[in-house]
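Asker: I'll drop the sequence and a predicted model, then ask my questions.
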Amino acid sequence: MTFSTRRVATLVATSAVLSPALFAQQFTLQPVFPHGAQWTEGVECADVDNDGDLDVFFAEGEGFMSAGTKRQNKLVINKLVETGPGVFADESLARLGAHISNGKGVATGDIDNDGWIDALFANGFGTDLPFLYHNQGASNPGFFTFDGVARGFTTAHSAGGAQFGDLDDDGDLDVIINDAYFTAAAAPHLYLNNGAGVFTEQPAKLGAPAKGSQMDVQLVDVDNDDDLDFFGVCRQSNSGGNHYLMLNDGAANFTNQSSLITGTTTSTYEADCGDLDGDTDIDLFFVSVTGFQEGAYRNEKVASGTLAFTKMTPLPGSVDDNEIALFDWDVDGDYDVVVGSLGSHEYLHRNNGALSFTDSSTGNITFVSDSTLDCTVADLDNDGRYDIITAQGESNAPQFTDKWYKNSGAQDTLAPVIVSQSSFTAAAAGPVVLHAKIRDQVIDDGMNWVTSASRFTLNPTAQSAGVSIDPGAFTPAVLNVATGTTVTWTNNSGANQSVDINTAPWVFNSGTIANGGTYAFTFVAPGTYAISTTGGFNAQVVVTGGAVTQKGFYMGGQQYRFAIDATSAAELCYELVFTDWAGNVRVSRPVRVTLSGGGCTPPVVYCTAKVNSIGCTPAIGWSGTPSASAGAGFFITAANVLNNKSGLFFYSFNGQQAIAFQGGTLCFKLPIKRTSLQGSGGNPPPNDCSGTYSIDFNAYIASGVDPALVAGAAFDGQYWARDPGFSPPNNTGLTDALHVVLCP
């Protein structure tokens, strides 16, 4: 998020000051982006077309304390995949449409869980509504529909920023948009998502007091209770605390604790949040914490058990700055600080530990004198190094050129760190919901470039196996087990031993096992695992079978949510997988839990079929037992099919959602898998709805064409066929949908 600041003196023309030859400069200025020299207040990166490189949004529009000229919202497409590194194209009009505003910030997130990134522009001075751009997805990747009004944004705010996050723990992204950007005091705005990307404002749940000059929105777990709180920076003195600190109860009901943050100046435009001292709670780092000096506030939650903040000694130097990003640019495992500055250059503060920082700008970044209003951190050329992108505006108008500083330093080789992992909660008729919190090399306005997945098996056929640690050998030396098996090593060697599982990314150590002691580990994923011990001998565990991998949900603030449909299971084995943009992987220690379920749950028909062109309603159906072992026939049927048209059975493992599709409703989330269905035979007359189709799904499972179809896997499906009575592209038919959980 970015925020304009005043500048007393006009900045001199942009000039690059080369760092001393003694140093190898890490961040080097690259050619400018192609979208023109306009006043830019916000920048955020996202892979809008799902091609594997990061594109860049810019929020533009002039005006510091009052509205100036509105500018086109910008989207610059990265041509890394098509052309090579360093090639960008301004495709704003083609992809966003012609929309101008006084843009002050841009937030990105997948608002309807369809796998495609959407964007929201926060507009200042009350001149425009929030601008929501909905990605058209697979049909037109990276092109957007401008439909904020239809999705609930019907009131103009004077917004300096916004951020998406799952505030009520229901698996979709909500949003907070601030207000009073250099206008009269007002309250910020909480909008809750209904799951389909439609938002409703909930002022009573947020309960925030009115404050003036709101600059920033941060959604992060400040009090270590595994939900996202609201921290908002303001650039003026306000009663009850200059800034917002609103604590969440997990269901998006907030309590005002703003008075806990005291002592900042009235020139604070930005802060960012992350664990700066390695104690696992979230600290704060401000611009202009004292005068124009930057500085940190230490969170005392872990140390004392009580949420409180201690203001640390401000950093030396006094420069009118605008933006903070936390970024481990020296790859030593802690967050350093990037400062977007209005001075003679951007600043890099190296973290020395214990909230001590050293200005390390000289020799590490090209010195350019410009008015940086925002910056972000992202790997634009996919070289495993995170770059710095800056947005320019306000003063020195000829130099409104947004910039890319390429990182040529050490590659990111550090896997994400799992900070915490909650135990599961399982409702009687619902999924097992898991939460985890991680830390990785970057955190800037909620962006950290880490994806997640759960990997699991339900009701494993083999649940336990044993290995003896004998003097000089494992017995057996090679153990063959099925996925979901818990292996127990017993130390019979007569001396202390350890068990090391060292097949990356599964790197686990038992610690010391005394003679007669044991160590247990559950193997969830198939593969061959190398095992060793302090005695110097080796073994293998060979794991065969299948496991389900299911994408995790990024809640924001480096927190993740996993929902596993285990309603019919009595036993669940799972591990969580986190992968950063550079490809480093961290796997959680596998967990085995006993559930209250078991047996086979009957499939459920849901959603609405598309009435076909002659008025008949096609219908999904089923018979038999949905067994992953394929022992008994499980037939999925489609009835009332127009003219006995052959078609496809669409299915997905990604959950339910109503999506407009070819004039009807697709009842589950993309991407789609498919298989053919077999007809009832015969040639019915035209305009006939007697067609019946079926597939023996257990036989389909037994064929091995989809390894994800294992016990515990939940999928949703519909029958799809042509309907020539409708005009293209709506000349198709769809039944209602079927939800299936496979039992053993």
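Answerer: The structure has been received and is ready for your questions.
Asker: ok, Ile701 touching Leu709?
Answerer: Yes. In this structure, Ile701 is within contact of Leu709 by C-beta atoms under 8 Å, at 4.7 Å. (Glycine included, C-beta is placed from N, CA and C.)
Asker: what is in contact with these two at once?
Answerer: Residues touching both Ile701 and Leu709 (C-beta atoms under 8 Å, 6 or more residues apart in numbering): Ala628, Leu742.
Asker: which of those two has more neighbours?
Answerer: Taking Ile701 and Leu709 together and counting by other C-beta atoms under 10 Å, Leu709 has the greater number of neighbours (24 against 21).
Asker: would you enumerate the residues in contact with the more buried one?
Answerer: The contact partners of Leu709, by C-beta under 8 Å, 6+ apart, come to Ala628, Tyr700, Ile701, Phe715, Leu742.
Asker: now a PyMOL select for only the buried ones of those residues.
Answerer: This is how PyMOL selects the buried members of the contacts of Leu709, with burial counted by 16 or more other C-beta atoms under 10 Å:
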select buried, resi 628+700+701+715+742
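Asker: so which of the contacts of Leu709 are in helices?
Answerer: Tyr700, Ile701 (DSSP state H).
Asker: out of the contacts of Leu709, which one sits closest to Arg722?
Answerer: Here the nearest of the contacts of Leu709 to Arg722, counting by C-beta to C-beta, is Tyr700; it sits at 22.0 Å.
Asker: quick check: the gap between the closest one and Ala639.
Answerer: Between Tyr700 and Ala639 the computed distance is 19 Å (C-beta to C-beta, to the nearest Å).
Asker: now Lys673
Answerer: Computed as C-beta to C-beta, the Lys673 to Ala639 distance reads 22 Å.
Asker: those two - which one has more neighbours?
Answerer: Neighbours were tallied for Lys673 and for Ala639 using other C-beta under 10 Å; the higher tally belongs to Ala639 (19 against 16).
Asker: helix/strand/coil for that one?
Answerer: Classification of Ala639 using DSSP: H, G, I helix; E, B strand; the rest coil returns strand.
Asker: for the one 4 residues further on, same thing?
Answerer: Secondary structure state of Asn643, per three-state DSSP, is helix.
Asker: which residues touch the residue nearest to Thr280 when sequence neighbours are not counted?
Answerer: In space, and not counting its chain neighbours, Thr280 is closest to Val419: 5.3 Å by C-beta to C-beta, 6 or more residues apart in numbering. Shown here is Val419, whose contacts under the criterion C-beta under 8 Å, 6+ apart are Asp275, Thr280, Lys437, Ile438, Arg439, Gln558.
Asker: I'd say Val593 and Leu572 touch.
Answerer: Yes. With contact defined as C-beta under 8 Å, Val593 reaches Leu572; the gap is 5.1 Å.
Asker: can you check which residues contact both of these two?
Answerer: Listed contacts common to Val593 and Leu572 are Phe424, Val432; contacts here mean C-beta under 8 Å, 6+ apart.
Asker: nearest residue to the middle of the protein?
Answerer: Among the residues of the chain, Tyr554 comes closest to the average C-alpha position under C-alpha atoms, centre = their mean, at 3.4 Å.
Asker: where does that one fall, secondary structure wise?
Answerer: Taking DSSP states H and E as the criterion, Tyr554 maps to strand 553-556.
Asker: and that strand, which strands flank it?
Answerer: For strand 553-556, sheet partners with direction are given as strand 559-564 (antiparallel), following DSSP bridges.
Asker: now the strand it pairs with: buried residues?
Answerer: Taking 16+ other C-beta under 10 Å as the basis for neighbour counts, the residues of strand 559-564 that come out buried are Gln559, Tyr560, Arg561, Phe562, Ala563, Ile564.
Asker: likewise stretch 493-511?
Answerer: By neighbour count with 16+ other C-beta under 10 Å, stretch 493-511 contains the buried residues Ser493, Gln497, Ser498, Val499, Ile501, Trp506, Ser510.
Asker: looking at it, the first one is touching Ala473, isn't it?
Answerer: Read it as Ser493. No. Contact status for Ser493 versus Ala473: not in contact, 9.0 Å apart, counting by C-beta under 8 Å.
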